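K.L.:
here is a sequence with its predicted model. Questions after.
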Amino acid sequence: VKSIDWSDAFTQIHTSRWMGAYPLSKLFQILSTLKLKGDLPNTEGINIFALTPGWVSTSIQDPVEYGLGIFGLIFYYPLVYCMKFTFAKTAKTGAQTIIYCAVESKLDKSQDLYFENCAATKVSSLAVDEVSSDRLWKLSCKAVEL
């Protein structure tokens with residue numbers, strides 16, 4: 001994501017990007033984490049991280065099979081199934097980064113923001129922009145009438 005269309009921030013799901021709205025939703029997750037991290041500085045026993053478990057093969061994807069039609073059943077589903085079998089993590093493996101961030105004592109005072117594969121990962125400059133973080137927070141509060 002190179003920029004955010006603030007005039008239409010929550011309805012950019014109709015996009016031509018091949019991954020759909022996922023990159024923007026991940027950016028919003030990281031920006032929200034940045035805001036929370038800033039609002040709770042040095043709170044004893046609390047640290048906040050954004051993370052990705054990676055591509056995890058779970059039953060959450062199963063309903064997609066039923067809406068694919070004949071083309072999907074013949075072409076799309078077998079391809080995705082092979083890719084999932086080859087590249088996706090199991091639920092147990094996918095949970096490792098979540099567990100790591102929750103229990104690793106050396107992260108107690110960590111200033112890291114984003115984790116992938118049990119390691120801190122650098123994010124784009126847009127994801128650490130405090131002005132964007134504040135703007136998203138205010139827009140989110142307005143959207144849910146807080």
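P.N.:
Noted; the coordinates are in hand.
K.L.:
what ranges in the chain fall below the confidence cut-off?
P.N.:
Scanning the chain for pLDDT under 70 picks out 11-20, 60-69, 71-73.
K.L.:
how near is the most centrally placed residue in the chain to Ala127?
P.N.:
In the chain, the centroid-proximal residue (CA atoms, centre = their mean) is Lys26; its distance is 3.7 Å. Using CB to CB, to the nearest Å, we find Lys26 at a distance of 9 Å from Ala127. No exception for glycine: its C-beta is placed from N, CA and C like everyone else's.
K.L.:
just Ala120 next, same as before
P.N.:
Counting by CB to CB - Ala120 and Ala127 are separated by 13 Å.
K.L.:
repeat that for Leu146.
P.N.:
Using CB to CB, one gets 23 Å for the distance from Leu146 to Ala127.
K.L.:
okay, the two: which has more neighbours?
P.N.:
The neighbour comparison of Leu146 against Ala127 (other CB atoms under 10 Å) goes to Ala127, with 21 against 7.
K.L.:
which SSE is immediately downstream of the top helix by length along the chain?
P.N.:
Looking across the chain with DSSP state H, the single longest helix is helix 22-39. Sequence-wise, the next helix or strand downstream of helix 22-39 (DSSP states H and E) is strand 50-52.
K.L.:
strand partners (parallel or antiparallel) of that following strand?
P.N.:
strand 114-116 (parallel) (DSSP bridges).
K.L.:
mind listing what's buried along the partner strand?
P.N.:
Tyr114, Phe115 (16 or more other CB atoms under 10 Å).
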